[in-house]
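In: coords please:
(2 chains)
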Amino acid sequence: MKHSFLDQYSDRDSLIHRLDPRTKLLTSLLFILAVVLTPPGRWPVFALYFILVAALLILSRVPLLYVLKRSLVIMPFVVLIAVFIPFFREGEVAGSYNIWLWQLSVTYNGLEVFWNILAKAWLSILSLILLTSTTRFSQLLKGMEKLRLPGVMTMILSFMYRYIFVLIDEVMRMKQARDSRNFGGRRLWQLRTIGNMIGTLFIRSYERGERVYAAMMARGFDGQARTLESLNFRLSDVLFGLSLGFILILATTLNLWYL
Amino acid sequence: MEEIIRVNNLSFGYPDGQPALSGVNLVINRGETVALIGPNGAGKSTLLLHFNGILHNDGMVRVFGKPVSDKNLRWVRSQVGLVFQNPDDQLFSPTVFEDVAFGPINLGYAEDKVRGVVTNALAAVGMSGYEKRSPHHLSLGEKKRIAMATVLAMNPQVLVIDEPTSNLDPAGKWSLIELLKGLGMTKVIASHDLELVQALCPRSVIIDRGVVVADGATAEILADKRLLADHGLAQAQNS
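Out: Here you go, the predicted model:
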């Protein structure tokens, strides 16, 4: 079965695509750190971050509509988590509601924190989309390896990238088999069937793991992950890193100046 | 003739107590192409896993006269290349290149040599130019060929293949058979695809319920309809 790519558009070519994955990983992390550490209500600073990430997205020649869609897929989760905050903050009340026995009130302070969380989440998501749609997953893994991330973690990520669609296929086939045998009936019965499916999926994955391990051993694997060295920092990496660092420092000073 | 693999009275049972092999004797000589045929669950795959020591029972299997043991597993695996039935198990890396390079890197080749053998192995299976693709976006036929390349890249003396044509369409199957014909090394092929056996293997070994029940020229074995029917390789006969 055909699937969408986790790292769609990463095989295109642009200034951003050509950067070393380590540069991109580190600058993305720095960017997210700077965004998260910005105090609530510093809208000019957020605007600056937005301009920065938007400029990079345009430079990367990834279709902007795709980026927008992809970022909107994740936002509902953020909203779900953040939606309660306005009700729990103390401060000047913006509105008060009576729902049956409870009295709920929304504060201005709480609303500000809410918008602030949404903005931070969106900016972070945008930067991660930029990272994953300009870097092949395999390159990203190499970058992590070179940055001395523990081998177990990069291997787990690598297996995830390889097998997630194989597993999705398996679930899809199980669902089709279930539906073609007239799935339906009582709630309780349905739950049991789903439980059985989850169990089966787990056992199949476990057995697949054993077979994959056998295939690795058959080719001389002895617990040591080895890869070829093939990453090189170039002048463009240095320049990119420096200019991004400069902008982030500028933004942070803007923060301080605001105080 | 030089003996490559010798199996002496090999028995094996899985941890759940189910016996898979009982007293198997088999010799594979250099240059042969041998078919291991038998019904589902006969023990073919279990036997294959013994050939390069994934499963091993000390002293029962010899490769080039040396008993397979914990100490020489690396060497054994560089001599006996095992291609698994399901390429989704065999191909586990994010890109085709990394997968084909996995074996050679584990063998300790230098970078230039690794790149060379990967290029050659992909060319040998007709998959040049696939280096940067990721396995889950390939068709089954392509995956099967690349699975073959991952083992060829280690330049083994014997190629052991489990069900090379299962689930392939006829065109894909025959092109794979042609590909296998072109590979000069010793080959052991487990299959119940009798067309493949006839086209490729001068010698056949029938395994059923963990026992070798026939070992001889393919032409004779495939002509014995009674024998085939008795071991689930042809339609059951009523007589």
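
In: secondary structure element for A:Thr132?
Out: In the assignment (DSSP states H and E), A:Thr132 maps to helix A:108-134.

In: so how far is that helix off the chain centroid?
Out: The chain centre lies 12 Å from the centre of helix A:108-134; the measure is Cα atoms, centre = their mean, to the nearest Å.

In: Give me the contact status of it with chain B.
Out: No. Remark: helix A:108-134 sits outside contact range of chain B, by Cβ under 8 Å from any Cβ of the partner chain, the gap being at least 13.2 Å. From N, CA and C alone the C-beta is placed, and that goes for glycine too.

In: and whatever helix or strand comes next after that helix, what's its mean pLDDT?
Out: Sequence order places helix A:137-146 as the next helix or strand after helix A:108-134, per DSSP H and E. Mean per-residue pLDDT for helix A:137-146: 87.

In: for helix A:137-146, packing partners?
Out: Secondary-structure packing of helix A:137-146 (3 or more Cβ pairs under 8 Å, 6 or more residues apart in numbering or on different chains; DSSP states H and E): helix A:21-36, helix A:151-179.

In: Pick the most buried one from those helices.
Out: helix A:21-36 (a mean of 19; mean count of other Cβ atoms under 10 Å in any protein chain shown).

In: pLDDT (mean, whole number) over it?
Out: Mean pLDDT, helix A:21-36: 92.

In: That one and chain B, are they touching?
Out: No. Judged by Cβ under 8 Å from any Cβ, helix A:21-36 makes no contact with chain B; its nearest approach is 12.6 Å.

In: now the angle from the next helix or strand after that helix to helix A:21-36?
Out: Toward the C-terminus, helix A:21-36 is succeeded by helix A:43-60 as the next helix or strand (DSSP H and E). Going by axes from the mean of the first three to the mean of the last three Cα atoms, to 10 degrees, helix A:43-60 is angled at 160 degrees with respect to helix A:21-36.

In: what is the mean pLDDT for helix A:43-60?
Out: What helix A:43-60 shows for mean pLDDT is 90.

In: angle of it against helix A:108-134?
Out: Using the same axes, to 10 degrees, helix A:43-60 lies at 20 degrees relative to helix A:108-134.

In: So for helix A:43-60, what gets flagged as buried?
Out: A:Val45, A:Phe46, A:Leu48, A:Tyr49, A:Phe50, A:Leu52, A:Val53, A:Leu56, A:Leu57, A:Ser60 (16 or more other Cβ atoms under 10 Å in any protein chain shown).

In: what's it packed up against?
Out: helix A:21-36, helix A:64-82, helix A:108-134, helix A:235-258.

In: ok, residues contacting it?
Out: Residues from elsewhere that reach helix A:43-60 (Cβ atoms under 8 Å, 6 or more residues apart in numbering or on different chains): A:14-17, A:31, A:34-35, A:38, A:64, A:67, A:119-120, A:123, A:126-127, A:130, A:133-134, A:244, A:247, A:250-251, A:254-255, A:258.

In: next one: stretch A:228-240
Out: With contact meaning Cβ under 8 Å, 6+ apart, stretch A:228-240 is reached by A:15, A:18-23, A:27, A:142-143, A:146, B:101, B:105, B:111, B:114-115.

In: give me that answer again for 7 Å
Out: Identification of contacts with stretch A:228-240 by Cβ atoms under 7 Å, 6 or more residues apart in numbering or on different chains yields A:18-23, A:142-143, A:146, B:101, B:105, B:111, B:114.

In: Stretch B:199-211 too?
Out: B:19-23, B:26, B:32-39, B:42-44, B:47, B:177, B:180-181, B:189, B:197, B:212-215, B:217-218, B:221, B:231.

In: Cool, thanks, signing off.
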